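pasting a predicted model and its sequence here:
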Protein chains: 2
Amino acid sequence: MKKLINNKENIIEEMIQGIIKTNKNVQRVNGFNAIYNKNFDKNKVALISGGGSGHEPAHMGFVGKGMLTGAVAGEVFTSPTPDQIESVINELDSQKGTLLIIKNYTGDKLNFEIAQQLAQANGKKVETVLVNDDVAVENSTWTIGRRGIAGTIYVHKIAGALAEKGADLSEVKRVAEKVIENVRTFGISLNYIYIPTTGKKSFELGEKEIEFGLGIHGEPGIKRENIKSSKEITEEMLDLILKDYNYDNSEIALMINGLGGTPEMELFIVANDAHNYLAEKNIKIFQTNVGNFMTSLEMQGVSISVLKLDEELKKLLEEPTEVKNWK
Amino acid sequence: MKKLINNKENIIEEMIQGIIKTNKNVQRVNGFNAIYNKNFDKNKVALISGGGSGHEPAHMGFVGKGMLTGAVAGEVFTSPTPDQIESVINELDSQKGTLLIIKNYTGDKLNFEIAQQLAQANGKKVETVLVNDDVAVENSTWTIGRRGIAGTIYVHKIAGALAEKGADLSEVKRVAEKVIENVRTFGISLNYIYIPTTGKKSFELGEKEIEFGLGIHGEPGIKRENIKSSKEITEEMLDLILKDYNYDNSEIALMINGLGGTPEMELFIVANDAHNYLAEKNIKIFQTNVGNFMTSLEMQGVSISVLKLDEELKKLLEEPTEVKNWK
């Protein structure tokens, strides 16, 4: 394993120090692995997300006006503990209330819900939503029910835009749930990764093999087969998404998400294949987001997310945000 | 080699189609591998850059208001031909003139200068600047003189901001040359890459080896040694930069550039190490840019650029741009 790290025990601490030193819009919750938008207005709903580290820019890279208000980072691929999550709820202390955006993994769900209960016991108004956009598997190594992956970023963007407008907690929760209802994701991987804290590989892959439906922690997917053309892979991914939810005659947002180690050139080739295929299916693309949003360390591969839009979601998607990782 | 591609002969074409379909601010020069800002004002100086592909988002990802006006993409790691470069000079047809920002590689220099001469013969006002920020080697596989690497992005940003304000060609060229004079870069790599058009590896590296001073086309660097801590590597890179140019008591911009396959977590660890070391040296950091700016396909590694600032450069660095890859 070759990594640009110092001490295995100190990876998250040093990453957060790097984030704080280089992003003037955010501040750290003293003594915790949590950051927040330092210009946050307590009269707006606070949006907090987080999870294990290794998925950067998710989630700390999405903190800023118009997206997340705060984010919490656990150890690599490990949920943050309830006290970490509670620290940023308390620090932000929104008078309108807090929405926790949770990716559906057993550890995350448990710890975010405990944090919710602790904060509620302390008089705070806290609601949660659970993102489960991955169509690949029904249950997995770390999940009961579907996993939450890159579609989560659409929840950050759209709920963040509505919260910024001053909407109430119930409204922000409603729109977050609308996104969750309408978004589906499927991912594939071309390589395995090394977990920095243990030095161990995730799943192994042969010289020509790719993993279909992988998890972002290196969990196995639904099948393994020899690599095919980008067009074949893209169409197979889209078929699984389109089979899972009715996107007929819809207008959609399309996310081509790099998993951390994918050359951007390949993301644009996949984007082109996806545009061509969706045009054949008479699905209209309102916006495409191409880049690394929800990664898995140095994983080469891609996930595709499709979000069905209505007028409300289109407007919120286009609202400005100061978050530079939104593109 | 595993890549998300279709036909090896068609990689650049499909990448450009993907870029055009997903970025509403840009348009393609009909029949050429060149794109431009479709809202460009002919009464401003046009800024054009380009080079071999495989370095995305450089350069097409930096086209937009406040940065580049146009960009040209050659085949993978191969200079674009003069007719490609001339096509976008003609398409933009700036009345104030055009500045070509060239990275110092033999092929790029030759082809951009031929394009300049062709356009001049055709009555156009065209000037060039040559970026040579890489302190690693004096001459290399593809270069006489120093190579141009990630420091080029600071030229795009700063000259782009001045051009946007309506400055004359001579002024835009002056500020571009000021950036070039004041920026230095050094890079290291943790792995080799596969060239998609040939299926061949770049240099080989052992299980624990890293390459110091690599080129962004997989050219060898100045030495190869076993991996050390991020802190040691960062300090060694910064020492080479600080030895090369006098940054004493300066205020600087710092770029931590991922080479395409580096987990963002590691970029922030390097950013933290760099901030700590520069603080010891009493060098003040005005702005830090962390992300993938000038890559080399799926290469894992990082380059550090240091740009000495004055009041003019600070102001231009902070001007807004619609380019989403500037962060």
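All right, it came through fine. Residues are numbered from 1 along each chain as shown, chains lettered A, B, ... in the order given.

how close does the closest residue to residue A:314 other than its chain neighbours get to chain B?
Distances taken as C-beta to C-beta, 6 or more residues apart in numbering or on different chains put residue A:286 closest to residue A:314, at 5.9 Å, once the chain neighbours are dropped. Yep, even glycine has a C-beta here, placed from its N, CA and C like the rest. Distance, residue A:286 to chain B, using C-beta to the nearest C-beta, to the nearest Å: 11 Å.

contacts made by the helix or strand that contains residue A:286 with the rest, please.
Counting by DSSP states H and E, the element that carries residue A:286 is strand A:284-291. Applying C-beta atoms under 8 Å, 6 or more residues apart in numbering or on different chains, the contact partners of strand A:284-291 are A:153, A:250-258, A:264, A:267-268, A:271, A:275, A:278, A:309, A:314, A:317-318, A:325-327, B:18, B:21-22.

mind listing what's buried in it?
Within strand A:284-291, the residues that count as buried by 16 or more other C-beta atoms under 10 Å in any protein chain shown are A:285, A:287-291.

ok, of those residues, which one's closest to residue A:168?
Proximity of the buried residues of strand A:284-291 to residue A:168 (C-beta to C-beta) peaks at residue A:287, which lies at 26.5 Å.

partner residues bridging that closest one?
residue A:253 (DSSP bridges).

list the contacts for the nearest residue to residue A:195 once chain neighbours are set aside?
With sequence-adjacent residues excluded and distances taken as C-beta to C-beta, 6+ apart, residue A:195 is closest to residue A:76, at 6.2 Å. By C-beta under 8 Å, 6+ apart, residue A:76 lies in contact with A:11-12, A:52-54, A:195-197, A:297.

surely residue A:308 touches residue A:247?
Yes - between residue A:308 and residue A:247 there is a contact at 5.7 Å, judged by C-beta atoms under 8 Å.

overlap in contacts, the two.
Joint contacts of residue A:308 and residue A:247 (C-beta under 8 Å, 6+ apart) do not exist.

list, one by one, the residues from the stretch 151-300 of chain A near chain B.
Those residues of the stretch 151-300 of chain A that sit near chain B, judged by C-beta under 8 Å from any C-beta of the partner chain, are A:190-191, A:196, A:208, A:210, A:227, A:229-231, A:233, A:256, A:260-273, A:275, A:288, A:290, A:292, A:295, A:297-298, A:300.

and these, which of them are buried?
Buried among these (16+ other C-beta under 10 Å): A:190-191, A:196, A:210, A:227, A:230-231, A:233, A:256, A:260-273, A:275, A:288, A:290, A:292, A:295, A:297-298, A:300.

which of those residues fall in helices?
In this view, those that belong to helices under DSSP state H are A:230-231, A:233, A:264-273, A:275.

which of the residues you listed sit farthest apart?
A:231 and A:264 (18.3 Å).

residue A:170 - nearest residue in space that isn't next to it in sequence?
Nearest one to residue A:170, counting by C-beta to C-beta, 6+ apart, is residue A:127 at 8.0 Å.

contacting residues around the one you found?
Shown in contact with residue A:127 (C-beta under 8 Å, 6+ apart): A:97-100, A:116, A:169-170, A:173.

next one: the spatially closest residue to residue A:254 that is not a sequence neighbour from residue A:304, what distance?
In this structure, residue A:254 finds its nearest non-sequential neighbour in residue A:288, 4.7 Å apart by C-beta to C-beta, 6+ apart. With distances taken as C-beta to C-beta, to the nearest Å, residue A:288 is found 10 Å from residue A:304.

overlap in contacts of those two?
A:254-256.

which of these lies closest to residue A:88?
residue A:255 (25.8 Å).

and that closest one, how many neighbours does it have?
26 (other C-beta atoms under 10 Å in any protein chain shown).

touching, it and residue A:304? I think so.
Yes - contact criterion C-beta under 8 Å: residue A:255 and residue A:304 qualify, at 7.0 Å.

who touches both of those two?
In the contact map built from C-beta under 8 Å, 6+ apart, the residues linked to both residue A:255 and residue A:304 are residue A:185.

residue ranges in chain A under the pLDDT threshold?
For chain A, applying pLDDT under 70 flags the ranges A:140-142.

ranges for the strands of it?
For chain A, the strands defined by DSSP state E cover A:26-28, A:34-37, A:46-53, A:70-76, A:98-103, A:126-131, A:183-189, A:209-212, A:223-226, A:251-258, A:284-291, A:301-308.

the last one vs chain B: in contact?
Okay, so that is strand A:301-308. Yes - Strand A:301-308 reaches chain B (C-beta under 8 Å from any C-beta) through residue A:302.

just checking: what are the partner strands of that strand?
Assessed with DSSP bridges, strand A:301-308 is paired to strand A:183-189 (antiparallel), strand A:251-258 (antiparallel).

which positions in that strand come out as buried?
Applying a neighbour-count criterion of 16+ other C-beta under 10 Å, one finds A:301-308 buried in strand A:301-308.

again with stretch A:78-98
A:78-82, A:84-92, A:94, A:96-98.

try stretch A:199-207
A:202-203, A:205.

now stretch A:35-51
The neighbour-count check on stretch A:35-51 (16+ other C-beta under 10 Å) flags A:35-37, A:40, A:44-51 as buried.

so what's the residue of the stretch 1-150 of chain A found nearest chain B up against?
Of all residues in the stretch 1-150 of chain A, the one sitting closest to chain B is residue A:18 (3.2 Å; C-beta to the nearest C-beta). With contact taken as C-beta under 8 Å, 6+ apart, residue A:18 is in contact with B:267-272, B:275, B:290.

which residues does the residue lying closest to it once chain neighbours are set aside contact?
Counting by C-beta to C-beta, 6+ apart, residue A:18 lies nearest to residue B:268, which is 3.2 Å off, once chain neighbours are set aside. Residue B:268 sits next to A:14-19, A:22, A:56, B:256, B:290 when contact means C-beta under 8 Å, 6+ apart.

do residue A:310 as well
Contacts of residue A:310 by C-beta under 8 Å, 6+ apart: none found.
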